[in-house]
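> here is the input, now give the coordinates:
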Amino acid sequence: MLKKSLVAVAILAILVGFFFYEKEPSFMDFQRQGPSTLTYFFQNEIPSENLPDPYISSLYRPGDPLYQPILDFQNGRKYLAIPKLKELSEAGNIDAMFWYAHNRMTQSIKTRYEGYNWFEKSAKLGNPYSALMLDADSYYCKSYFPSLCSKEWGNLAQESFKKRAAAGDIRAKYYLERPTKFVRGEDFKKWVALVEESAKQNYFVPAMEMLKRFEDSKALTPSQKDDLLHIYRYLAKHNYVLGYDYLYVHSGYKDIFEKAIELGSGIQLKVSSRRCGNEFSELNENLKIECLARAYALEEIFNDDMWAVIPKPTDNLTISAAHKAAKELIDSMTPTIYIDEMHIDGGL
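Just a heads-up that it's a prediction; the model follows:
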C-alpha cells in the first residue's frame with residue numbers, strides 16, 4: 001500500500017512540475033515579437049541628415065580595385081565589368097576571381113568549366129565564397145558541374161571564413177556563425193547578436209536578411225510595421241540603398257528618394273524617369289530636359305532605357321542640353337555597392 005502511495009506522489013509531482021514548467025521561448029516565439037528585438041536600431045535617434053560619408057555602408061568605395069568593376073557588375077554593365085575582373089583575376093586578386101568565375105560559369109555551356117577552374121583556384125588561395133560555390137550543397141555547383149561538387153570544399157570554406165573573421169572581417173564572421181536552423185530561441189538570439197555587431201560596423205546585409213523574415217510574416221501588427229519602417233529609415237540615413245528601396249515599396253510604390261538615386265538606386269531612377277515620361281507633354285522645357293537627362297543617365301549607368309515612355313529627342317540642341325544635364329546628374333552621384341558574394345543579384 002505504501003509503495004502505491006509513493007508512486008502516486010511521484011506521478012503527482014511530475015504532473016505538477018509539467019504544469020509549472022516554463023518552456024524556453026523558441027525561435028518563432030522570438031520572431032513573433034517583431035523587429036523591436038533588434039534593439040540596436042532603437043537605441044539612438046535616426047539622424048535628420050544622411051551621414052556625411054556616402055560610402056559608409058558600401059562593400060567597396062572609389063579607390064578600391066574592385067569598386068568600379070563590381071559597381072558595373074551590380075548595374076548590369078558586365079561588358080565593362082568582366083574585362084577588368086579578368087585582368088584583376090589574372091593578377092592574383094582572389095576576390096575578383098569569384099566574380100569572374102561566376103560570369104564564366106553562367107555565360108554559356110562552353111565557359112562554365114572555365115568558371116569552375118577560377119572558383120577552384122580562388123578557393124585554394126583562401127576565398128571562402130568560391131569554396132562554397134563548389135560545396136556539395138551548393139545550388140550553383142549542382143546546377144553547373146554536379147560531378148565535381150564535394151563536401152571538402154564546404155569544409156575549406158569554413159576554415160577560410162575562420163581566418164578572415166580572426167583578421168576582423170565582419171562579413172566572414174557573420175557567414176561563419178549565422179544560424180542555419182531556425183528552431184531554438186538560442187539560434188534567434190545568436191542571429192540578433194550577429195546582426196547588431198555587423199550593424200555597428202555599417203554592414204547591413206545581415207539586418208536585411210533578418211528583416212526579410214519579418215517582411216514575410218502575415219501577422220505583423222501596426223506597431224511592428226512601424227518598427228520595421230524605423231529600421232529601414234535608419235539604414236537609409238546610413239546611406240544604404242536597399243533601406244530606401246524598401247521604404248519605396250512600403251509607401252505603396254509612391255515615395256521616390258532623390259538621395260537614393262544619388263547613392264545609385266537603379267529602381268528609383270527608373271521609376272522617376274517613368275513618372276516624368278508619363279506626363280512629358282505637360283512639362284515645361286526645363287523639366288523636359290531634366291526628364292531626358294534621367295533617361296540618358298539610366299541608359300549610361302544601368303544599361304537600361306525608358307525611350308518607350310519618354311520621347312527620344314531628335315534635334316541637336318535638345319540632345320546636347322539633355323546630355324549635359326545627364327552628365328551633371330551622373331557627376332553628382334556617389335553610387336554604392338550593396339551586392340556581395342552571397343547576394344549576387346542584390347536580392348534580399
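> okay, now the domains of the protein?
65-167, 265-332 (automatic domain parsing).
> averaged pLDDT, the first one. What do you get?
Mean per-residue pLDDT for domain 65-167: 98.
> and it, end to end?
Domain 65-167 has an end-to-end distance of 20 Å (Cα to Cα, to the nearest Å).
> show me how far that domain is from its chain's centre.
Distance of domain 65-167 from the chain centroid (Cα atoms, centre = their mean, to the nearest Å) equals 18 Å.
> quick one: Ser108 from Ile344, how far?
Ser108 sits 18 Å away from Ile344, taking Cβ to Cβ, to the nearest Å as the criterion. Yep, even glycine has a C-beta here, placed from its N, CA and C like the rest.
> just want to know which of these two has more residues nearby.
Set Ser108 next to Ile344 and count neighbours by other Cβ atoms under 10 Å: Ile344 wins out with 16 against 9.
> quick one: that one and Val195, what's the gap?
Ile344 is 21 Å from Val195, by Cβ to Cβ.
> list the contacts for Cys291?
By Cβ atoms under 8 Å, 6 or more residues apart in numbering, the residues touching Cys291 are Ser273, Cys276, Gly277, Phe280, Leu283, Ile310.
> so what's Val309 up against?
Ser273, Arg274, Gly277, Asn278, Phe280.
> assign it to helix, strand or coil.
Counting by DSSP: H, G, I helix; E, B strand; the rest coil, the backbone at Val309 sits in coil.
> separation between it and Gly277?
Here the distance between Val309 and Gly277 works out to 4 Å (Cβ to Cβ).
> quick one, helices of the stretch 1-150 of the chain?
For the stretch 1-150 of the chain, helices defined by DSSP state H, counting those that start in this stretch occupy the ranges 2-20, 27-31, 67-74, 78-90, 94-107, 112-124, 128-133, 139-144.
> out of these, deepest packed?
Neighbour counts (mean count of other Cβ atoms under 10 Å) averaged over each of the helices of the stretch 1-150 of the chain peak at helix 128-133, with a mean of 27.
> what packs against that helix?
With contacts taken as 3 or more Cβ pairs under 8 Å, 6 or more residues apart in numbering; DSSP states H and E, helix 128-133 sits against helix 94-107, helix 112-124, helix 151-166.
> mind redoing it with 10 Å?
Under the contact criterion of 3 or more Cβ pairs under 10 Å, 6 or more residues apart in numbering; DSSP states H and E, helix 128-133 touches helix 94-107, helix 112-124, helix 139-144, helix 151-166, helix 170-177.
> ok, back up a step: common neighbours of Val309 and Gly277, please.
When contacts are counted by Cβ atoms under 10 Å, 6 or more residues apart in numbering, Val309 and Gly277 have Cys291, Ala295 as shared neighbours.
> circling back to that earlier point, which of the helices and strands packed on helix 128-133 sits closest to Asp72?
Asp72 lies closest, by Cβ to Cβ, to one member of the helices and strands packed on helix 128-133: helix 94-107, at 10.4 Å.
> relative to helix 78-90, how tilted is that closest one?
Helix 94-107 runs at 130 degrees relative to helix 78-90, counting by axes from the mean of the first three to the mean of the last three Cα atoms, to 10 degrees.
> now the helix or strand that Glu186 is a member of - C-alpha only, PDB.
For Glu186, the host element (DSSP states H and E) is helix 185-200. C-alpha atoms of helix 185-200 as PDB (Å, rounded to 0.1, in the frame of the first residue of the first chain):
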ATOM      1  CA  GLY A 185      15.500  30.500 -29.100                       C
ATOM      2  CA  GLU A 186      19.300  30.500 -28.700                       C
ATOM      3  CA  ASP A 187      19.500  30.400 -32.500                       C
ATOM      4  CA  PHE A 188      17.400  33.600 -32.800                       C
ATOM      5  CA  LYS A 189      19.400  35.400 -30.000                       C
ATOM      6  CA  LYS A 190      22.700  34.400 -31.700                       C
ATOM      7  CA  TRP A 191      21.400  35.800 -35.000                       C
ATOM      8  CA  VAL A 192      20.300  39.000 -33.400                       C
ATOM      9  CA  ALA A 193      23.800  39.400 -31.800                       C
ATOM     10  CA  LEU A 194      25.500  38.900 -35.200                       C
ATOM     11  CA  VAL A 195      23.100  41.400 -36.900                       C
ATOM     12  CA  GLU A 196      23.700  44.100 -34.300                       C
ATOM     13  CA  GLU A 197      27.500  43.500 -34.300                       C
ATOM     14  CA  SER A 198      27.500  43.800 -38.100                       C
ATOM     15  CA  ALA A 199      25.400  47.000 -38.000                       C
ATOM     16  CA  LYS A 200      27.900  48.600 -35.600                       C
END
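> and the next helix-or-strand element following it, average pLDDT?
As assigned by DSSP H and E, the chain's next helix or strand after helix 185-200 is helix 205-215. For helix 205-215, mean pLDDT rounds to 94.
> next: stretch 190-198.
Rounded mean pLDDT across stretch 190-198 is 97.
> before we move on, the earlier item: ok, which of the domains of the chain comes nearest Ala207?
Among these, domain 265-332 comes nearest to Ala207, with 17.6 Å by Cβ to Cβ.
> what about the closest one, how long is it end to end?
Taking Cα to Cα as the measure, domain 265-332 stretches 14 Å from start to finish.
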